[in-house]
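>>> Dropping the sequence and predicted coords here.
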Amino acid sequence: MKDGVNGVALGVFVFFFLAVTVLGFLASRWRKAENEHSLDEWGLGGRSFGTWITWFLLGGDLYTAYTFVAVPAAIYAAGASGFFAVPYTILVYPLIFTFLPRLWSVSHRHGYVTTSDFVRGRFGSKGLSLAVAVTGILATMPYIALQLVGIQAVLDVMGVGGGEDTNWFVKDLPLLIAFGVLAAYTYSSGLRAPAMIAFVKDTLIYIVIAVAIIYIPIKLGGFDEIFAKAGEKYTAAGAGGLVPAPAGQWTYATLALGSALALFMYPHSITATLSSKSREVIRRNTTILPLYSLMLGLLALLGFMAIAAGVKVTNGQLAIPQLFEDMFPDWFAGVAFAAIGIGALVPAAIMSIAAANLFTRNIYKDFIKPDATPEQETKVSKLVSLLVKVGALIFVLTMDKTVAINFQLLGGIWILQTFPALVGGLFTRWFHRWALLAGWAVGMIYGTLAAYGVASPTQKHFGGSAKEIPGIGEIGYIGLTAFVLNVVVTVVLTFVLKALKAPDGIDETTAADYTADAGDPGVEVELPPATAGTSH
């Protein structure tokens, strides 16, 4: 690690940061709407984004600064088991091709802004809608915190903020400034800000990875040398070499599958999806988003390169930023750091907007002020987006970074429990609303308690997301086990409740809503519950 502040890298980083800050504030004038005081405009960009804007927005949303730092860091520490992120992003796209267009159609037909809006309308249950909303907010908070962790890792490697003995305010001032700028332009421009900045972010990331995958191996003697040194390290550490040990293969497979099922349950994924202008935009995006999986596979190789380059760090999250500083000229290290930093701003903005929309629509309007006007909704959502970011910042500044990572893993377990209500509801009305709520509760309780019992070298509780699968005896992803329990309880209780003739909620959707496109008659008309369609 270089001593002191890397002035050249910091200068380049600041240049790009200032550039995207300007873009963030200018975004409020981009495609300016006649009525800006609505969640459709502030929270969904007017539902007006085409194929490429949506592609960059979804890519910026899903492939974050944390992805850039953590995926190769996992490989740096544990070997090929860290590659689980690559197969899960391959699995996810055929999956979302089947249900995202349906969600877009019904959401546009009824003016739904969040997944909880859909769940409430489909099952006629504010309780189930509230459960989905609270889960989404809880799962999103640590995810936002991890974006700030990504920025902090870059700042640490550049030598910004001083050493461990530095006054806490001085040490964290750069992060506080970054947070303040993010909060300001998100409040001002809404979803348009990350949509515009995503172009810069993804372009920088593709450039950095393309250069890294060619330049660094040349400096290290080629991929043969890189893999040989990585294999030696894993063998010496008892990790079994470059491939996961047989005992870890169930963990690898279940983590990949569970993560694929969970990815588009996150509120920010749905927010980016609903911002697109047509059903066809969503279908096209599911076919071109796999380009990011190719990038992710190349990105993951940086973990092996960090080993071959002899990078030594006490915190694995610093491995890749340190690799860039060691291997690149200072000016290009600044470009790489800017890619990671901006890669944190885009998803953090979308996540805070998504969490704020959930609170506003499904807690504030449903339970606190049912007669809230669109202008009041927008004002509340803006304020809540600030509070969410403040909460994430406090989380990062007051807790160990490992805790933030493990709580994000817990968030993945939680958000997966909303799958039966959301995806199940898009294809069938058979599930009973009370059964879905009971299944969600069982999955949440089991997943939380199981994760609580997992220890790590640094934590007694919540130390990981894998545990023995009941009845099988293999170590697997807790979230997937909880999901299976969730589905079993939902199915069994649905049979029971239907046999007892328990009352169904009113379904305000019709079969035609799920295949409607933007140009179809009635798509922009929100049906009031009193005249809504019947169950089908």
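Nice, thanks for sending it over. Numbering: from 1, shown residues only.
>>> hey, let's count contacts and neighbours off CA atoms from now on
Fine.
>>> For the stretch 251-400 of the chain, just list every one of the helices.
In the stretch 251-400 of the chain, the segments counted as helices under DSSP state H, counting those that start in this stretch are 267-274, 279-288, 290-300, 302-308, 319-327, 330-359, 374-398.
>>> now for the first one, which elements pack on it?
Right, the one you point to is helix 267-274. With contacts taken as 3 or more Cα pairs under 8 Å, 6 or more residues apart in numbering; DSSP states H and E, helix 267-274 sits against helix 51-62, helix 85-110, helix 126-157, helix 330-359.
>>> what's the offset of that helix from the middle of its chain?
Relative to its chain's centre, helix 267-274 lies at 10 Å (Cα atoms, centre = their mean, to the nearest Å).
>>> pLDDT of that helix, averaged?
For helix 267-274, mean pLDDT is 92.
>>> Residue 212 is in what secondary structure piece?
Using DSSP states H and E, residue 212 falls within helix 192-220.
>>> buried stuff in that helix?
For helix 192-220, burial by neighbour count (16 or more other Cα atoms under 10 Å) applies to 192-202, 204-205, 208-209, 212-213, 216-217.
>>> what's the answer for stretch 429-442, then?
Buried positions in stretch 429-442, judged by neighbour count with 16+ other Cα under 10 Å: 429-442.
>>> Now pLDDT and secondary structure too, for the residues you listed, in JSON lines please.
What follows is the buried residues of stretch 429-442, written out as JSON lines (pLDDT from 0 to 100; DSSP: H, G, I helix; E, B strand; the rest coil):
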{"residue": "429", "pLDDT": "92", "secondary structure": "coil"}
{"residue": "430", "pLDDT": "94", "secondary structure": "coil"}
{"residue": "431", "pLDDT": "96", "secondary structure": "coil"}
{"residue": "432", "pLDDT": "96", "secondary structure": "coil"}
{"residue": "433", "pLDDT": "96", "secondary structure": "helix"}
{"residue": "434", "pLDDT": "97", "secondary structure": "helix"}
{"residue": "435", "pLDDT": "97", "secondary structure": "helix"}
{"residue": "436", "pLDDT": "97", "secondary structure": "helix"}
{"residue": "437", "pLDDT": "97", "secondary structure": "helix"}
{"residue": "438", "pLDDT": "97", "secondary structure": "helix"}
{"residue": "439", "pLDDT": "98", "secondary structure": "helix"}
{"residue": "440", "pLDDT": "98", "secondary structure": "helix"}
{"residue": "441", "pLDDT": "98", "secondary structure": "helix"}
{"residue": "442", "pLDDT": "97", "secondary structure": "helix"}
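>>> Relative to residue 295, which of those is nearest.
Distances from residue 295 to the buried residues of stretch 429-442, taken as Cα to Cα, are shortest for residue 440 (34.5 Å).
>>> Who are the contact partners of that closest one?
The contact partners of residue 440, by Cα atoms under 8 Å, 6 or more residues apart in numbering, come to 417-418, 486.
>>> list the helices and strands whichever helix or strand residue 117 is part of packs on?
Taking DSSP H and E as the criterion, residue 117 maps to helix 115-123. With contacts defined as 3+ Cα pairs under 8 Å, 6+ apart, the secondary structure elements packing on helix 115-123 are helix 126-157, helix 419-427.
>>> what does the average pLDDT come to for stretch 397-412?
Averaging pLDDT along stretch 397-412 gives 77.
>>> what's the answer for stretch 223-231, then?
90.
>>> Show me what counts as buried in that stretch.
For stretch 223-231, burial by neighbour count (16+ other Cα under 10 Å) applies to 223, 226-227, 229-231.
>>> what's the answer for stretch 287-304, then?
Those would be 289-290, 292-293, 295-304, for stretch 287-304 by 16+ other Cα under 10 Å.
>>> Quick check: the nearest residue in space to residue 305 that is not next to it in sequence vs residue 304, distance?
Residue nearest to residue 305 in three dimensions, not counting chain neighbours: residue 226, with 5.9 Å by Cα to Cα, 6 or more residues apart in numbering. Distance of residue 226 to residue 304, computed by Cα to Cα, to the nearest Å: 6 Å.
>>> In PDB, list the C-alpha atoms belonging to stretch 55-74.
C-alpha atoms of stretch 55-74 as PDB (Å, rounded to 0.1, in the frame of the first residue of the first chain):
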ATOM      1  CA  TRP A  55     -30.800  -1.400 -19.500                       C
ATOM      2  CA  PHE A  56     -28.300   1.000 -18.000                       C
ATOM      3  CA  LEU A  57     -30.600   1.700 -15.100                       C
ATOM      4  CA  LEU A  58     -31.200  -2.000 -14.300                       C
ATOM      5  CA  GLY A  59     -27.500  -2.700 -14.800                       C
ATOM      6  CA  GLY A  60     -26.600   0.200 -12.500                       C
ATOM      7  CA  ASP A  61     -29.100  -1.100 -10.100                       C
ATOM      8  CA  LEU A  62     -28.100  -4.700 -10.000                       C
ATOM      9  CA  TYR A  63     -24.300  -4.500 -10.500                       C
ATOM     10  CA  THR A  64     -23.300  -2.200  -7.700                       C
ATOM     11  CA  ALA A  65     -20.100  -0.900  -6.100                       C
ATOM     12  CA  TYR A  66     -20.500  -3.700  -3.600                       C
ATOM     13  CA  THR A  67     -20.600  -6.200  -6.500                       C
ATOM     14  CA  PHE A  68     -17.400  -4.600  -7.900                       C
ATOM     15  CA  VAL A  69     -15.600  -5.000  -4.600                       C
ATOM     16  CA  ALA A  70     -17.200  -8.100  -3.000                       C
ATOM     17  CA  VAL A  71     -17.400 -10.700  -5.800                       C
ATOM     18  CA  PRO A  72     -13.600 -10.700  -6.500                       C
ATOM     19  CA  ALA A  73     -13.000 -10.200  -2.800                       C
ATOM     20  CA  ALA A  74     -14.900 -13.500  -2.100                       C
END
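>>> Who are the contact partners of the spatially most distant residue from the centre of the chain?
In terms of distance from the mean C-alpha position of the chain, residue 500 ranks first, at 39.9 Å (Cα atoms, centre = their mean). Under the criterion of Cα under 8 Å, 6+ apart, residue 500 has no neighbours.
>>> Do me a favour and get the backbone dihedrals for it.
Backbone torsions for residue 500, taken as degrees, to the nearest 10, come to phi -90, psi 0.
>>> Can you tell me how far it is from residue 429?
To residue 429, residue 500 is 17 Å away according to Cα to Cα.
>>> next one: residue 180
44 Å.
>>> How about residue 365?
25 Å.
>>> just residue 351 next, same as before
Taking Cα to Cα as the measure, residue 351 and residue 429 are separated by 29 Å.
>>> my read: residue 151 touches residue 339, true?
No - assessed by Cα atoms under 8 Å, residue 151 is found out of contact with residue 339, at 10.1 Å.
>>> which ones are touching the residue nearest in space to the middle of the chain?
For the chain, the residue nearest the mean C-alpha position is residue 62 (5.3 Å; Cα atoms, centre = their mean). Applying Cα under 8 Å, 6+ apart to residue 62 gives the contacts 269, 347.
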